[in-house]
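**Student:** Requesting a structural model of the entry that follows:
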Amino acid sequence: MSAAPSKRTGRKAKPAPLLARAGERLWFLDVPFRTRAPGATYDPARKLHLYRGDRLPAELDPFRSASHTWLRWLEDDANGTTPASDDTAIHGPRMVPRQIQIDGAAAISDAASGQFGGHPARGVLVTDDVGTGKTLTAWLGALAVARARGAKNVLVLVDRPKQVTIAHWRRTILAAGEQNLRVLICSPDELARLLVRGRPRWPMDLVIADECHLYRNVETQRVQRFRRITRFKDAHERAPFVIYLTATPANHPAELTYLAPLLAQVHDEPTQRWEDFGARLAEAGLPVSRVYGKWGWDETAAASATLQTAATTRIRTWLTDADPPLAIHRAASWGPAPLDLMPVTLSPSELLAYRTAWSVFENALADLAADVTLRSNPAARTARGRAAVLRLRQKASLLRVGITADWALACVEAGRQAVISCEFVGAAADPIAAAIQAAGVGVARLYGGAGSGRDLEKERLDFQRGASPVVVFTPTTSLSLHANESLGPAGKASGAAREGLMHNVRYSGLQGRQILGRSHRDHQICPWWLAYAEGTVEETIAKIMIGRFKSTNDVAGADSAALIHVAVALGVSWLPVDRVLAGEG
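**Tutor:** Sure, this is the predicted structure:
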């Protein structure tokens, strides 16, 4: 009897990447999901669309990979070509740096020249105030470091929305010069594209981490990828030099996890020694403790602004007292943004609607307290508590939409341009923008990201040039909305005075300060208002947070003590602080 044929257990062979034919090259295409690109070919090996030919057809040009992106780097590698910028539309007069930017670049270069434990410094923290021009400061510093260290590859990590932030950095880099460096600009959402089997796809000599506070939560995939790309755990001499940029480093010292490599160097220790960052700070005598699995102020420090200031100052001096200093901070010479409260009087029907929403909220909390099954499941209890807070905030936000739209229309009538910050899209940004548009006034919409279908940079420029005198936006960072901004070859932004309104008061001093700096920057003064409904919990919270927004402490940002007060006002003091802070999404 013959043996039964054996079953094949081998894996399916991986498809080979498509190659260019003789006389052709490959064009990698950025084709959005569910978008048709006639003539493009899908490459299953690379998992992207491309075109093979000597030149790209006009109908595919909108999908062409942009310069300085990961897709263009892949394209250049596949074709064996030397990267070259061809985005001539953004070339213009070379940027002339201000003295504060020249001095900052020199300080970055000095930091890179330092030796710690016999190894070159692996980074520097730049916490200049919002609006002082950190982008150009960092790039000029990177050019100096590249010359000194013979660097070739530079990674610039920017915040979202990438349609605005990548364009902003690209314009700055091209206007200041690249000096034959190969530059890649990407957002946190694209970090996975820079890894192959968990290792960096391209070795980076320099990294600029804009809004570096985004990389403080070690439990997220974003931070894990960031650490791999920056060789976080590698020996100091093997890591790239990282320029950390932020005006708001953290809510409290235990969130400065991204600075572990620098702090390890100044203490002559390996980075692994700082793997449990909070524990290392506690060992050093700082007043921090672990609560709900997260590190924050201990009970004594949470109640003492003096202790908080002393602790943050101590960490800062570890870096500023290094030789050479590994931290730089310069205050804005034009001072903080004028900031005041804007109480809104609800109509009787609106007030009744608010009181109904508040009753529903209180009942939801009472149900949570009475649910014995949730006592043994703190994660579920936290999720439901957070959801209840969000629902209340969104309902309260909707009640003030019409008043915010009226405020914007009055600004425009008075010859000013209105800047409106929202935390929510459906409960704030969308209806506010719709109401303004319905009144016959142009409005730029900076929210929704790539999924919005809008060209966000075009929307921003429409506002900056005055074509749309109102802007409604949700991002907290990496947006320039100030008067007289240099727009390169397009000239300057309009000189009309800006006036800002925070429709949704943020529960984070860190985010609040960033928002104020979107239009109050580069010697352009923009007064801001914090809107709230009179006689509601919004009023209590606005009065708590305005102090945090006015804070000039460059490390503390929004301290967790303020969030505790917010939680008490809402009646959810049992919620972990970070869950009170969590917004929509």
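**Student:** Tell me, please, where in this protein the pLDDT is lower than the cut-off.
**Tutor:** Screening the chain residue by residue with the criterion pLDDT under 70, one finds the ranges 1-10, 83-94, 551-560, 577-585.
**Student:** quick one, domains of it?
**Tutor:** Listed by automatic domain parsing, the domain ranges of the chain are 19-64, 99-253, 339-551+555-581.
**Student:** quick one: which of these is nearest Arg330?
**Tutor:** Relative to Arg330, the nearest member of these by Cβ to Cβ is domain 99-253, separated by 4.8 Å. In this view, the C-beta of every residue, glycine as well, is placed from N, C-alpha and C.
**Student:** what's the first-to-last distance across that closest one?
**Tutor:** 31 Å (Cα to Cα, to the nearest Å).
**Student:** what does stretch 287-298 give?
**Tutor:** As for stretch 287-298, its first-to-last residue distance stands at 6 Å under the measure Cα to Cα.
**Student:** For that stretch, what is the distance to the chain centroid?
**Tutor:** On the basis of Cα atoms, centre = their mean, to the nearest Å, the separation between the geometric centre of stretch 287-298 and that of its chain is 25 Å.
**Student:** Beyond the one helix or strand Leu307 maps to, next helix or strand please.
**Tutor:** Using DSSP states H and E, Leu307 sits within helix 305-320. Next along the chain after helix 305-320, taking DSSP H and E as the criterion, comes strand 327-328.
**Student:** and the next helix or strand after that next one, which residues are buried?
**Tutor:** Moving toward the C-terminus from strand 327-328, the next helix or strand (DSSP H and E) is strand 339-344. Neighbour-count burial for strand 339-344 flags 339, 342, 344 (criterion: 16 or more other Cβ atoms under 10 Å).
**Student:** so what's the residue most central in space within the chain up against?
**Tutor:** The residue at the geometric middle of the chain, judged as the C-alpha nearest the mean C-alpha position with Cα atoms, centre = their mean, is Asp159 (3.6 Å). Residues touching Asp159, when contacts are defined by Cβ atoms under 8 Å, 6 or more residues apart in numbering, comprise 165, 187-188, 210-211, 214, 475, 477-478.
**Student:** So Ala192 is in contact with Arg228, correct?
**Tutor:** No. Here Ala192 lies out of contact with Arg228, judged by Cβ atoms under 8 Å, at a distance of 10.2 Å.
**Student:** Now do the strands in the stretch 151-300 of the chain.
**Tutor:** 153-157, 182-186, 195-196, 199-200, 206-210, 241-245, 288-291, 294-297 (DSSP state E, counting those that start in this stretch).
**Student:** Reformat the contacts of Asp159 as CSV; add distance to Asp43 and neighbour count.
**Tutor:** Written out in CSV, the entries for the contacts of Asp159 read as follows (distance: Cβ to Cβ, whole Å; neighbours: other Cβ atoms under 10 Å):
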residue, distance to Asp43, neighbour count
Thr165, 28, 26
Ser187, 23, 20
Pro188, 25, 21
Asp210, 31, 24
Glu211, 33, 22
Leu214, 31, 21
Pro475, 33, 20
Thr477, 35, 22
Ser478, 32, 21
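**Student:** Go through those and say which is closest to Thr35.
**Tutor:** Minimum distance to Thr35 across the contacts of Asp159 is 19.6 Å, recorded for Ser187 (Cβ to Cβ).
**Student:** list the contacts for the closest one?
**Tutor:** Applying Cβ under 8 Å, 6+ apart, the residues contacting Ser187 are 157-160, 162, 165-166.
**Student:** Sort out which one of these lies nearest Leu319 for me.
**Tutor:** Closest approach between these and Leu319, by Cβ to Cβ: Leu157, at 20.3 Å.
**Student:** correct me, but Glu459 touches Arg445?
**Tutor:** Yes. In this structure Glu459 lies within contact range of Arg445 using Cβ under 8 Å: 5.8 Å.
**Student:** Overlap of the contact sets of those two?
**Tutor:** Taking Cβ under 8 Å, 6+ apart as the contact criterion, the common neighbours of Glu459 and Arg445 are Val471.
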